[in-house]
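**Student:** Using only what follows, build the 3D model:
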Amino acid sequence: MAHPGPTALERRAASLAALASRPAVSESPATDSAPGRPDGAARTLPPARLAAVGKALLRLQRGLTGTRELVGAPYMRDPALLEAYLLYYWPVSYTQAARALELSKAGPRRRVLDLGSGPGPVAAAFSDSGAREITLVDASPEALSLARRILENPPEGLAPSGPPRVETLAADLEGLAPGRLPPGPYDAIAFGHSLNELWKGRPDRVARRAAFIEALRSLIAPDGLVLVVEPALLATSRDAIALRDALAAAGWSVVAPCPAPIPCPALAAGPSHTCHDAAPWTVPPTVAALAREAGLGRDELKAAWFALSPDRVPPAAPEGFRRVVSEPMLNKAGRIRYLLCDTRGRVALSAKSGDPAAKASGFFALERYDLVRVTGAEARESGEGVTAGTIIEKAEA
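**Tutor:** Numbers count the residues shown, from 1 in each chain. Model (predicted):
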């Protein structure tokens, strides 16, 4: 499966520190090193600043994905937390959005509305895929100011037609009436890690989020797209799935990643089940250095996301293809299995560990969210099994 181009990510990541509120990162060449520091840290942040940003990052991470006391709070008005977000979470969110756009086969979206934009990582992913007009809405004027600077000063080579035209609106999404927004139509409306912060803790939070998106329907162009990207935590991903199901039941088309518009089988499987994307990625040096400093893992890019359209549009998945929705799992019988999702729901596809036929078919090389067509598998009590006649075909990215 193709992943977001590292060149765009590297250029974006390298330009972020220069726009942060504190001194710029070291411009030392990649071969420079400092005693006691990994090379990645040496060529990104000086040790004292790395320690300070790492401390702020840990506070931000705990507040957003641990205790979650920062969810719904104006944390981006704190300069230290805003800087930690910019240097660590911005490249992560940018790459998550770029991957979602790629897998959705969305194509260029000229006019984009980014709700809960923060300093603009999702907007930048749209910009780098061809957006020319971007409206950003966020409760933090500081984050909006930074987003404008980022979008209006793209790294060399990322905006051959010039930077997009940017509008900003400082507003709390929970109290935002659609009439306050610049009029549509928008080719895409995006929510990057923002919906999970709305109506936090309320039993009707999913219904309120669905009603909020429904109220935006008139602002979306024909064949327009709503992209929702959320954290891959159990609670936030299950809320995202429930929101996707509610909107699908209201007539919205499921574009991606789901290959069929059925209610998500993960949600019905029980409170410990969910579905999220996970993919390896090329981690920018500053992100890797900060992850080490704060003791965080960042080798995989994880997110719960979906793309919908208010109009009837075909899904991104070609007919007959299924989405891989799990990591490889080893059972007690020594078989490796994946869960695949299609119109029937989740179906297990398995093979004996090390089986030559399975290896030849590409079974052991499957990755989460691959789109595959499987022919010639044998029926098993627990799903389907790979045999010598099984063919596994991956969809072209």
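
**Student:** Point out where this structure drops to low pLDDT.
**Tutor:** Within the chain, the set of residues satisfying pLDDT under 70 comprises 1-6, 17-44, 397.

**Student:** So which residues of it form helices?
**Tutor:** Ranges of helices in the chain, per DSSP state H, are 6-19, 39-42, 47-61, 79-84, 90-104, 121-128, 141-152, 205-214, 234-249, 265-268, 285-294, 356-361.

**Student:** need these in TSV with distance to Pro328 and mean neighbour count, can you?
**Tutor:** Where C-beta positions appear, they are placed from N, C-alpha and C, glycine not excepted. Putting the helices of the chain into TSV (distance: least, Cβ to Cβ, whole Å; neighbours: other Cβ atoms under 10 Å) gives the following:
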stretch	distance to Pro328	mean neighbour count
helix 6-19	25	18
helix 39-42	29	20
helix 47-61	28	19
helix 79-84	34	20
helix 90-104	20	25
helix 121-128	29	28
helix 141-152	38	20
helix 205-214	31	18
helix 234-249	20	21
helix 265-268	17	17
helix 285-294	25	22
helix 356-361	11	16
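
**Student:** Present these as a markdown table; the columns should include distance to Arg335.
**Tutor:** Listed next are those as a markdown table, based on distance: least, Cβ to Cβ, whole Å:
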| stretch | distance to Arg335 |
| --- | --- |
| helix 6-19 | 35 |
| helix 39-42 | 39 |
| helix 47-61 | 37 |
| helix 79-84 | 43 |
| helix 90-104 | 28 |
| helix 121-128 | 38 |
| helix 141-152 | 48 |
| helix 205-214 | 37 |
| helix 234-249 | 26 |
| helix 265-268 | 21 |
| helix 285-294 | 34 |
| helix 356-361 | 10 |
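
**Student:** surely Ala266 meets Ser326?
**Tutor:** No: using Cβ atoms under 8 Å, Ala266 makes no contact with Ser326, being 9.8 Å away.

**Student:** quick one, what contacts the closest residue to Ala188 other than its chain neighbours?
**Tutor:** Sequence neighbours aside, Arg109 is the residue nearest to Ala188 in space, at 4.0 Å (criterion: Cβ to Cβ, 6 or more residues apart in numbering). By Cβ atoms under 8 Å, 6 or more residues apart in numbering, the contact set of Arg109 is Phe126, Ser129, Gly130, Ala131, Asp187, Ala188, Leu225.

**Student:** ranking the residues you listed by neighbours, who comes first?
**Tutor:** Phe126 (29 neighbours; other Cβ atoms under 10 Å).

**Student:** what's the closest non-adjacent residue to that residue?
**Tutor:** Per Cβ to Cβ, 6+ apart, closest to Phe126 is Val112, 4.6 Å.

**Student:** wait, isn't that neighbour in contact with Gly130?
**Tutor:** No: shown here, Val112 and Gly130 do not form a contact pair, counting by Cβ under 8 Å, at 9.9 Å.

**Student:** For the residue most central in space within the chain, give its distance to Ala358.
**Tutor:** The residue lying closest to the centre of the chain (Cα atoms, centre = their mean) is Gln96, at 3.1 Å. Distance, Gln96 to Ala358, by Cβ to Cβ, to the nearest Å: 31 Å.

**Student:** cool, and Leu58?
**Tutor:** Taken as Cβ to Cβ, the span from Leu58 to Ala358 is 42 Å.

**Student:** got the residue ranges for the strands in the stretch 201-350 of the chain?
**Tutor:** 220-230, 253-256, 277-280, 300-309, 322-324, 329-330, 335-342, 345-352 (DSSP state E, counting those that start in this stretch).

**Student:** Would you format those strands as a markdown table with distance to Gly201 included?
**Tutor:** Below are the strands of the stretch 201-350 of the chain laid out as a markdown table (distance: least, Cβ to Cβ, whole Å):
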| stretch | distance to Gly201 |
| --- | --- |
| strand 220-230 | 16 |
| strand 253-256 | 27 |
| strand 277-280 | 26 |
| strand 300-309 | 19 |
| strand 322-324 | 31 |
| strand 329-330 | 33 |
| strand 335-342 | 30 |
| strand 345-352 | 30 |
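
**Student:** List just the one of those that sits closest to Arg68.
**Tutor:** strand 220-230 (13.1 Å; Cβ to Cβ).
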